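Enquirer: next input, structure requested:
(one chain, ligands or ions: 2)
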Amino acid sequence: MGYKKVGIVGIGNVGSSIAYNLALKNICNKILLKDLREDFTKAIALDISQAISSVNSKTIIEAVHSDEKFKDCDIVVITAGIARKPGMSRDDLLFTNAKIMNLIVQNVAKYNKDAILVIVSNPLDAMVYSALKASNFPRNKVLGMAGILDSSRMAYFIKEKIGYKKIEAMVLGGHGDDMVPLIKETKVDGVPLDEVLNENEIKNIIQKTRNGGIEIVKLLQTGSAYYAPAQATVLMVESILKDKKLTYPCAIELQGEYGYENVVTGVPIVLGKNGAEEIIEKKLSKQEKIDFNNSVNSVKTLIKKLKENSLNQ
Ligand SMILES: NC(=O)c1ccc[n+]([C@@H]2O[C@H](COP(=O)([O-])OP(=O)(O)OC[C@H]3O[C@@H](n4cnc5c(N)ncnc54)[C@H](O)[C@@H]3O)[C@@H](O)[C@H]2O)c1
Ligand SMILES: O=C(O)C[C@H](O)C(=O)O
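Expert: Ligands and ions are numbered 1, 2, ... in the order given. Alright, predicted model coming up:
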């Protein structure tokens, strides 16, 4: 597989959970951690290094503080920024996190010219757009994590309703309140969801999925979810590092696919060593097309705000 290095910027709840999960897997040689909180990050690097020594993972975890030393990564995951608290939407984080994202990505792009960026900070789709513009990288190398998380939440709520079965869920669109769960693509033991649950039950699952993030925010009071987001991010990292070419819903800039361009949203992507190697165009029902359009329009509004406030081109 060759020497593999992954960088993570933003070692808060999500970033440290990604580092721990990834280090346990022993699939990269080095993980660089970077955050404004230097001693805290050093502590996390030590703690994870000591944890994985008992399972024989050879991954080296290193906290770095200068931009120059955070270099030559194959993948850089960006989880820096603020998380929402009860009473806030993800969109309320737009201006604060766009400023942070622009600053980070300019430096990351300078010292990690060949890296694939995996963006996690919210509002996710707008942050992918910011990272794309700030890095000037091609769109196949600037991806966002959300669709895997939203799909795994949907699978969880179905499992909660019907008990353990093989469940494959698929949620497309932006990572907002108008995300688009695809019912025909969501299968229980290979059978489409609408042949297993009735209309009301499906509506309920969709609502729970859309509220999956805020439900945890309300319970935590101090921030947002991190174990499921970290797990979803590691799946993306693993498919890229190992060139597995697995198909996952991820955020990417559309250039004509699904009939849209110059906007970021979640679509199924084949993830391999070049990042997004293919975008899969699913057949959407009439209602799904309407929902997808609403979701894309919400992201367009955020991008417009970024441009109006000179935060992005
Ligand atoms: N895409 C998703 O599905 C998803 C899921 C969960 C969280 N998130 C988002 O991820 C982000 C992080 O969430 P969290 O729970 O880890 O938050 P957190 O507050 O625990 O951690 C954020 C970290 O970013 C660091 N940071 C801030 N500015 C920085 C900078 N300029 N350089 C380096 N580090 C910087 C902070 O010091 C902090 O350690 C939030 O924006 C949250 O909304 C997205
Ligand atoms: O809900 C949030 O603000 C965090 C994240 O986007 C999530 O869905 O868990």
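Enquirer: can you give me the strands for the stretch 201-313 of the chain?
Expert: Using DSSP state E, counting those that start in this stretch, the strands of the stretch 201-313 of the chain run over residues 246-255, 261-272, 275-279.
Enquirer: now this protein against ligand 1: closest residue?
Expert: The minimum distance from the chain to ligand 1, using C-beta to the nearest ligand atom, falls at G12 (1.7 Å). All C-beta atoms are positioned from the backbone trio N, CA, C, and that covers glycine.
Enquirer: next up, phi/psi of V180, please.
Expert: Comment: the main-chain dihedrals of V180 come out as phi -120, psi 90, following degrees, to the nearest 10.
Enquirer: Y164 now?
Expert: Backbone torsions of Y164, given as degrees, to the nearest 10, read phi -70, psi 120.
Enquirer: just give me the neighbour total for it.
Expert: Counted by other C-beta atoms under 10 Å, the residues lying close to Y164 total 6.
Enquirer: leaving out sequence neighbours, find the closest residue to the residue of the chain closest to ligand 1.
Expert: Excluding its sequence neighbours, the residue lying closest to G12 (C-beta to C-beta, 6 or more residues apart in numbering) is T79, at 6.8 Å.
Enquirer: helix/strand/coil for K184?
Expert: What DSSP: H, G, I helix; E, B strand; the rest coil gives for K184 is coil.
Enquirer: what about the nearest residue to it once chain neighbours are set aside, neighbour count?
Expert: Closest residue in space to K184, ignoring its immediate chain neighbours: P192 at 5.0 Å, by C-beta to C-beta, 6+ apart. When neighbours are defined as other C-beta under 10 Å, P192 has 13 of them.
Enquirer: one more: V14?
Expert: Per other C-beta under 10 Å, the neighbour tally for V14 reads 27.
Enquirer: hmm, it is touching Y227, no?
Expert: No - using C-beta atoms under 8 Å as the test, V14 is too far from Y227 to be in contact (9.0 Å).
Enquirer: got a pLDDT number for F40?
Expert: pLDDT, the model's per-residue confidence, is 98 for F40.
Enquirer: okay, now the unreliable bits of this structure?
Expert: Within the chain, the set of residues satisfying pLDDT under 70 comprises 1.
Enquirer: now do the domain split for it, please.
Expert: Described in terms of automatic domain parsing, the domain architecture of the chain consists of the residue ranges 5-144, 147-308.
Enquirer: out of those domains, deepest packed?
Expert: Each of the domains of the chain was scored by mean neighbour count; the highest is domain 5-144, a mean of 20, by mean count of other C-beta atoms under 10 Å.
Enquirer: tell me if that one is near ligand 2.
Expert: Yes - if you take C-beta under 6 Å from any ligand atom as the test, domain 5-144 does meet ligand 2, through 83-84, 90, 122.
Enquirer: now for the residues you listed: which two are most distant?
Expert: Considering C-beta to C-beta, no two members of the residues of domain 5-144 next to ligand 2 lie farther apart than A83 and R90, which are separated by 9.3 Å.
Enquirer: tell me, what's touching those two both at once?
Expert: Taking C-beta atoms under 8 Å, 6 or more residues apart in numbering as the contact criterion, the common neighbours of A83 and R90 are N122.
Enquirer: now do the same end-to-end measure for stretch 235-251.
Expert: Using C-alpha to C-alpha, to the nearest Å, the end-to-end distance of stretch 235-251 comes to 14 Å.
Enquirer: quick one: that stretch to chain centroid distance?
Expert: In terms of C-alpha atoms, centre = their mean, to the nearest Å, the centre of stretch 235-251 is set 11 Å apart from its chain centre.
Enquirer: that stretch close to ligand 1?
Expert: No - where contact is defined by C-beta under 6 Å from any ligand atom, no part of stretch 235-251 touches ligand 1; the two come within 8.3 Å at best.
Enquirer: for whichever residue of the stretch 101-250 of the chain sits closest to ligand 2, give me its contacts.
Expert: Closest approach between the stretch 101-250 of the chain and ligand 2, counting by C-beta to the nearest ligand atom: G213, at 2.5 Å. Contact criterion C-beta under 8 Å, 6+ apart gives 90, 224-225 as the residues in contact with G213.
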